[in-house]
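K.L.:
this one's sequence-less:
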């Protein structure tokens, strides 16, 4: 129980896809964050597309996904 | 021994750090400037500082050594063990603490739960940081003694002198801005070694083929996800439950040295952006610290001690001049860790212990003075106590183990405290104490409970689960604070208030 023996039936490849699925899930959740919340603290006229932190987060998650996909 | 040009580079590095750090003295006028940089710092500086504070010289050697023994799975700690947690911190927790005008994490816990929870959390961090300081000084100085032949005391006094100088005068602004330079030095030194190492082994594909052909024990060396029954300390179940869900979040959301930097941001956007920018830099760290260990498998096969991999790589691959740069990177790793410990411990002591218990209602100048004096006393204590490590060689591991007892339960009460308004002060206190107790029991009798040799990932998960369940159950049977008192402390109450 404490050693997670109940998960020993999951193969290495299936485990890999659990991790990759987790990254996709986080990416989907990030997309749902309202833009107003993302830009809090920035005046309307100073907001630019490249300052959208959702874009930054998706790029970082993409890097993470690719890393776990190739290894 | 070092060539003349190497010594010149190292001395120039130390002198540069002192001048840069002292420059920021002019920006310290009150205690908010000293502890939070006057809330004026940009995201890129904070992000770089968060990342470099997390890598010490010990990590360079230790991670390379583990990569030599276990392969790329050690990279999990910087990849999945940091990035998702940094995104969670960026989008939910950091804006929260920033908006609340907090100085410390225990300060939040005190407002959300009670004074006891605040004091337990604060004293635990202060103890850990203070002990870690002496251990860090000694362990790194011994490492530099082995690598460079420098006397242990020279490394300790030189580092303590330079770090103490700029941290005392410049506060967290000096800490963050010197960290920026230290990260650049670390990246230039580290990536030069990786580039020349790849040249020596014939490139990535050649390295993978050669390592795979070295025998059955190397077949898992290029798998990040290890089987659940692996002999290495990194089974995928431990990485997912213990590291990703608990330790990573507890570290990025509950660690004062990390969070305090984000609270120095000039606005809420910069606070969030600092963590995401830091996460992108984190993706590069395993390349820096792990790849030399993998290359050493080919260039120096059959080492019984994996920790010798990186020193051998430096000795045999880097030309004079670049050796000095690499050692400056080691010093940068040590100094960025020490300055973080000093400034964060001074903040915790001044804000969570001195102000509420020793001298309430004093002037701001007084608290600024206390912060500076605490920094100085901690530094002297760290230097004086550092030789204790030589008498107890296991103390470095013991200090890290002590922290792992605390992180799971701390994260459970932070999580419930922010997301569930019915969490009560007695629920939080019980969850923290019983969670730590369970972690101690599991670790003491780990031979009976666990099948892998070093089950710290499992211990952190089960202590988190215990803390969570105990906090939840005790909260059901005790009375919560009224909603009015929790505005700004609980997520849904805050959202309602800020978006009417």
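P.N.:
Yes, it's here. The structure presented is a predicted model; accordingly, all values stated were derived computationally and were not measured. Residues are numbered from 1 along each chain as shown, chains lettered A, B, ... in the order given.

K.L.:
What about the closest residue to chain B within chain A, how many residues nearby?
P.N.:
Nearest residue of chain A to chain B: residue A:41, at 3.4 Å (C-beta to the nearest C-beta). C-betas here are computed from N, CA, C, even on glycine. When counting by other C-beta atoms under 10 Å in any protein chain shown, one arrives at 18 neighbours for residue A:41.

K.L.:
helices and strands around the one helix or strand residue B:96 maps to, which ones?
P.N.:
Taking DSSP states H and E as the criterion, residue B:96 maps to helix B:94-99. If you count contacts as 3 or more C-beta pairs under 8 Å, 6 or more residues apart in numbering or on different chains; DSSP states H and E, helix B:94-99 packs onto helix B:256-262, helix B:268-282, helix B:491-498.

K.L.:
Return the distance of the shortest one from the chain's centre.
P.N.:
Offset of helix B:256-262 from its chain centre (C-alpha atoms, centre = their mean, to the nearest Å): 10 Å.

K.L.:
Then stretch B:255-263?
P.N.:
10 Å.

K.L.:
ok, and does it reach over to chain A?
P.N.:
No - Stretch B:255-263 does not reach chain A (C-beta under 8 Å from any C-beta of the partner chain); its nearest approach is 12.9 Å.

K.L.:
coming back round to it: so the residue of chain A closest to chain B is in which element?
P.N.:
Secondary structure (DSSP H and E) places residue A:41 outside all helices and strands.

K.L.:
Residues of chain A that sit close to chain B?
P.N.:
A:2-4, A:7-8, A:10, A:12, A:15-16, A:18-19, A:22-23, A:26, A:30, A:33, A:38-42, A:51, A:53, A:56-57, A:59-61, A:63-64, A:67-68, A:71.

K.L.:
Can you tell me which of those are buried?
P.N.:
A:3-4, A:7, A:10, A:15-16, A:19, A:22-23, A:26, A:30, A:38-41, A:53, A:56-57, A:60-61, A:63-64, A:67-68, A:71 (16 or more other C-beta atoms under 10 Å in any protein chain shown).

K.L.:
show me where pLDDT drops low in chain A?
P.N.:
A:1-3 (pLDDT under 70).

K.L.:
circling back: let me have the helices and strands packed on helix B:94-99 in a markdown table, extended by mean pLDDT and mean neighbour count.
P.N.:
Listed next are the helices and strands packed on helix B:94-99 as a markdown table, based on pLDDT from 0 to 100; neighbours: other C-beta atoms under 10 Å in any protein chain shown:
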| stretch | mean pLDDT | mean neighbour count |
| --- | --- | --- |
| helix B:256-262 | 88 | 27 |
| helix B:268-282 | 93 | 25 |
| helix B:491-498 | 56 | 13 |
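
K.L.:
Which SSE is immediately downstream of the helix holding residue B:96?
P.N.:
helix B:105-112.

K.L.:
which of the residues in whichever helix or strand comes after that following helix are buried?
P.N.:
Sequence-wise, the next helix or strand downstream of helix B:105-112 (DSSP H and E) is helix B:115-148. Across helix B:115-148, burial judged by 16+ other C-beta under 10 Å covers B:116-122, B:124-126, B:128-144, B:147-148.

K.L.:
and the next element down the chain from helix B:115-148?
P.N.:
Helix B:115-148 is succeeded, C-terminally, by helix B:152-201 (DSSP H and E).

K.L.:
any idea of the mean pLDDT for that following helix?
P.N.:
Average pLDDT, helix B:152-201: 88.

K.L.:
quick check: angle from it to helix B:268-282?
P.N.:
60 degrees (axes from the mean of the first three to the mean of the last three C-alpha atoms, to 10 degrees).

K.L.:
Do any residues in helix B:152-201 lie close to chain A?
P.N.:
No - Helix B:152-201 lies out of reach of chain A by C-beta under 8 Å from any C-beta, never closer than 15.9 Å.

K.L.:
And for stretch B:461-477?
P.N.:
Yes - using C-beta under 8 Å from any C-beta, stretch B:461-477 reaches chain A at residue B:462.

K.L.:
Can you read off the backbone torsions of the residue nearest in space to the middle of chain B?
P.N.:
The centre of chain B sits closest to residue B:54, judged by C-alpha atoms, centre = their mean, with a distance of 4.0 Å. Residue B:54 adopts backbone torsions of phi -90, psi -10, taken as degrees, to the nearest 10.

K.L.:
what's the pLDDT at it?
P.N.:
80.

K.L.:
Show me the shaky parts of the stretch 401-500 of chain B.
P.N.:
For the stretch 401-500 of chain B, the ranges with pLDDT under 70 are B:402, B:452-453, B:492, B:494-500.

K.L.:
For it, what lies in contact range of chain A?
P.N.:
B:442, B:449, B:450, B:451, B:452, B:455, B:458, B:462.

K.L.:
ok so the fourth one is a strand residue?
P.N.:
No - according to DSSP: H, G, I helix; E, B strand; the rest coil, the state of residue B:451 is coil, so it is not within a strand.

K.L.:
which ones are touching residue B:296?
P.N.:
Listed by C-beta atoms under 8 Å, 6 or more residues apart in numbering or on different chains, the contact partners of residue B:296 are B:64, B:68, B:303, B:309, B:310, B:312, B:313.

K.L.:
Inside strands: which ones of these?
P.N.:
Among these, none falls in strands (DSSP state E).

K.L.:
hang on, the earlier thing: out of the helices and strands packed on helix B:94-99, which gets nearest to residue B:370?
P.N.:
helix B:256-262 (16.6 Å; C-beta to C-beta).

K.L.:
other SSEs contacting the closest one?
P.N.:
helix B:43-53, helix B:94-99, helix B:105-112, helix B:115-148, helix B:152-201, helix B:248-254, helix B:268-282, helix B:322-348.

K.L.:
now the stretch 201-350 of chain B, which segments are flagged as low pLDDT?
P.N.:
Ranges of the stretch 201-350 of chain B meeting pLDDT under 70: B:231.

K.L.:
Tell me the pLDDT of residue B:32.
P.N.:
At residue B:32, pLDDT is 86.

K.L.:
I'd like to know how far the residue nearest to it when sequence neighbours are not counted sits from residue B:344.
P.N.:
The shortest distance from residue B:32 to any non-neighbouring residue, by C-beta to C-beta, 6 or more residues apart in numbering or on different chains, is to residue B:38 (5.9 Å). Counting by C-beta to C-beta, to the nearest Å, the separation of residue B:38 from residue B:344 is 17 Å.
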